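Trainee: prediction below, plus the sequence it came from.
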2 protein chains.
Amino acid sequence: MNQRISRKRKEFLTRRGDILSAAEKVFAAKGFYGSTMDEIAKRAEFGTGSLYKYFRGKKDLYFSLIDEKVGEITRLVKAELDKDLPPIERIESILHLQLSFIQRNRDFFKIYISERNRFEWTIKDELGKGVHEKFMTYIDSLGEVMRQGIEGGQLKEMDPRDMAHGFVGIVNSFVFEWIMSPRAYSLVSKRPTITNIFFDGVRSQKTRR
Amino acid sequence: MNQRISRKRKEFLTRRGDILSAAEKVFAAKGFYGSTMDEIAKRAEFGTGSLYKYFRGKKDLYFSLIDEKVGEITRLVKAELDKDLPPIERIESILHLQLSFIQRNRDFFKIYISERNRFEWTIKDELGKGVHEKFMTYIDSLGEVMRQGIEGGQLKEMDPRDMAHGFVGIVNSFVFEWIMSPRAYSLVSKRPTITNIFFDGVRSQKTRR
DNA sequence: TCATTTTTTGAATTCTAATTCATTAAATTA
DNA sequence: TAATTTAATGAATTAGAATTCAAAAAATGA
């Protein structure tokens, strides 16, 4: 039982992937409710009905998209966490990782950013719930990194969870601005600014004799 | 021509207000697409059709809601900006103002937070466009405060716009966490944590002889 | 090649909810 | 109070898409 994932199956997955990337563009441009299955099908060069061979329905398509990418970045971050770096460098490298991933996946993050804060289906919907849960898991592991930094004396005494929230807040804000902005500057170039604010704050050092 | 805004008109506005607050609760609980005009009408104790005497339609109702509250907080912040305080205290007092306003208007902010990042209608829709524009205006005036702080030597050299983004990022993050959290702690109590991170960063001071 | 199975298709169906509007009720005024 | 104007009502209409499904096309393999 080795290659019982072959041909047929492989082609199926390829087509599925094609549909996902068509959907990514449509959703990014018009949001969930603004997009129609017709438009996604047209863009992917399939008949409308065909999409239902690959996904249970519109929501399933949408959340599969989110799942796939979130899985990807999660794996990247996890790998980074396995490297044994000093806390501050570790945070910096995670930051770099994220910024460059986001830069490479602008369309997707347009979707993700507006989804993370959606209450509509956070409540009841099984699919929607996952998005926020995964975000919380991420905050948790980031908090763990912070805790290590505090224990090691590199970071100040403070609730590590709060610290993690502060961090993602700053990052999100720059990501959001970058995504909204028509001018296409490099997101990665914002890294020094972000670490500067997060690690050292905005107060002038001159005043602190 | 003094009180040509009377009785009739006053009653009209009262009812309009009643509808708005019913809508606030429904939208906060279910989001824009999850809410129906029927439910809002029922909650406000009106017939469905009546809502259309007060608002052009669902979108208009929704954005009127946002407009009203954003106008309110904007006026408060503007008043605060008129007081002539040193930059750091000014930022702290704006922060306090906001946190307590948000604490008093949790339902509304549930709506607002998920709206600020909505692309669906940011693009074409006249109504939707306004939300993001007002946010940008807010960033601008915050940037101006930062600029003054930099000029006065209280804040370090840095693009004041970036500084403003960092600030709202941290704030948003704590607001978001507070809104999502079922545990009802005081949002205002997070103020010291926020200022601590924003002004002084998270790096331990011990390491900096 | 041709019968059989699998996949694709998009028009027809179904569902959902916004909006309209003829009817009814309330308020105003003579 | 009765006529008239104004507002409220909610059932009926309309609109917009998601989903289904019978027919057509493609792939398979004998």
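Mentor: That came through, no problem.
Trainee: gap between the residue in chain A that DNA strand C sits nearest to and A:Met37?
Mentor: At 1.6 Å from DNA strand C, A:Gly49 is the closest residue in chain A, using CB to the nearest atom of the strand. In short, each C-beta sits where N, CA and C put it, glycine included. Between A:Gly49 and A:Met37 the computed distance is 9 Å (CB to CB, to the nearest Å).
Trainee: now A:Ser21
Mentor: In terms of CB to CB, A:Ser21 sits 16 Å off from A:Met37.
Trainee: need phi/psi at the residue most central in space within chain A.
Mentor: By CA atoms, centre = their mean, chain A has its centre lying nearest to A:Val70, at 5.4 Å. Main-chain torsions, A:Val70, degrees, to the nearest 10: phi -60, psi -40.
Trainee: more crowded one of A:Gly49 and A:Met37?
Mentor: A:Met37 (17 against 9; other CB atoms under 10 Å in any protein chain shown).
Trainee: can you pull the contacts of the more buried one?
Mentor: A:Thr48, A:Leu51, A:Lys58 (CB atoms under 8 Å, 6 or more residues apart in numbering or on different chains).
Trainee: ok, and the most crowded of these?
Mentor: A:Leu51 leads the contacts of A:Met37 on contacts (other CB under 10 Å) with 23 neighbours.
Trainee: wait, A:Leu65 touches A:Lys25, no?
Mentor: No. A:Leu65 lies out of contact with A:Lys25 (CB atoms under 8 Å); the separation is 10.7 Å.
Trainee: which one's more surrounded, these two?
Mentor: Ranked by neighbour count (other CB under 10 Å), A:Leu65 and A:Lys25 place A:Leu65 first, with 21 against 17.
Trainee: where does that one land in three-state SS?
Mentor: Recorded secondary structure, A:Leu65: helix (DSSP: H, G, I helix; E, B strand; the rest coil).
Trainee: and the average pLDDT for the helix or strand where A:Met136 lies is what?
Mentor: Using DSSP states H and E, A:Met136 falls within helix A:126-151. Computed over helix A:126-151, the mean pLDDT rounds to 89.
Trainee: ok, the residue nearest to the centre of chain A - contacts?
Mentor: A:Tyr112, A:Val131, A:Lys134.
Trainee: A:Ser173 versus that one, what's the distance?
Mentor: 20 Å.
Trainee: quick check: residues of chain A near DNA strand C?
Mentor: By the rule CB under 7 Å from any atom of the strand, the part of chain A lying against DNA strand C is A:Lys8, A:Phe12, A:Arg15, A:Glu45, A:Phe46, A:Gly47, A:Thr48, A:Gly49, A:Ser50, A:Lys53.
Trainee: name the residues that touch the helix or strand of chain A with the lowest mean pLDDT?
Mentor: Ranked by mean pLDDT, DSSP states H and E, the weakest helix or strand in chain A is helix A:106-116, scoring a mean of 86. Residues from elsewhere that reach helix A:106-116 (CB under 8 Å, 6+ apart): A:24-25, A:27-28, A:31-32, A:65-66, A:69-70, A:102, A:131-132, A:135, A:172, A:175-176, A:179, B:114, B:117-120.
Trainee: one more time with 7 Å
Mentor: Residues outside helix A:106-116 that contact it (CB atoms under 7 Å, 6 or more residues apart in numbering or on different chains): A:24-25, A:27-28, A:31, A:66, A:69, A:102, A:131-132, A:135, A:175-176, A:179, B:117-119.
Trainee: sitting in helices, which of those residues do you find?
Mentor: A:24-25, A:27-28, A:31, A:66, A:69, A:102, A:131-132, A:135, A:175-176, A:179 (DSSP state H).
Trainee: min pLDDT across the residues you listed, which one?
Mentor: Among these, A:Val131 has the weakest pLDDT, 81.
Trainee: count of residues packed around it?
Mentor: A:Val131, neighbours per other CB under 10 Å, totals 21.
Trainee: hmm, it is touching A:Lys69, no?
Mentor: No. Between A:Val131 and A:Lys69 there is no contact under CB atoms under 7 Å: 11.2 Å.
Trainee: quick one on the thing from earlier: please pick the buried ones from the contacts of helix A:106-116.
Mentor: A:24-25, A:27-28, A:31, A:66, A:69, A:102, A:131-132, A:135, A:175-176, A:179, B:117-119 (16 or more other CB atoms under 10 Å in any protein chain shown).
Trainee: just send the contacts of A:Met37 back as JSON lines, with pLDDT and secondary structure too.
Mentor: Output for the contacts of A:Met37, formatted as JSON lines (pLDDT from 0 to 100; DSSP: H, G, I helix; E, B strand; the rest coil):
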{"residue": "A:Thr48", "pLDDT": "97", "secondary structure": "helix"}
{"residue": "A:Leu51", "pLDDT": "97", "secondary structure": "helix"}
{"residue": "A:Lys58", "pLDDT": "95", "secondary structure": "helix"}
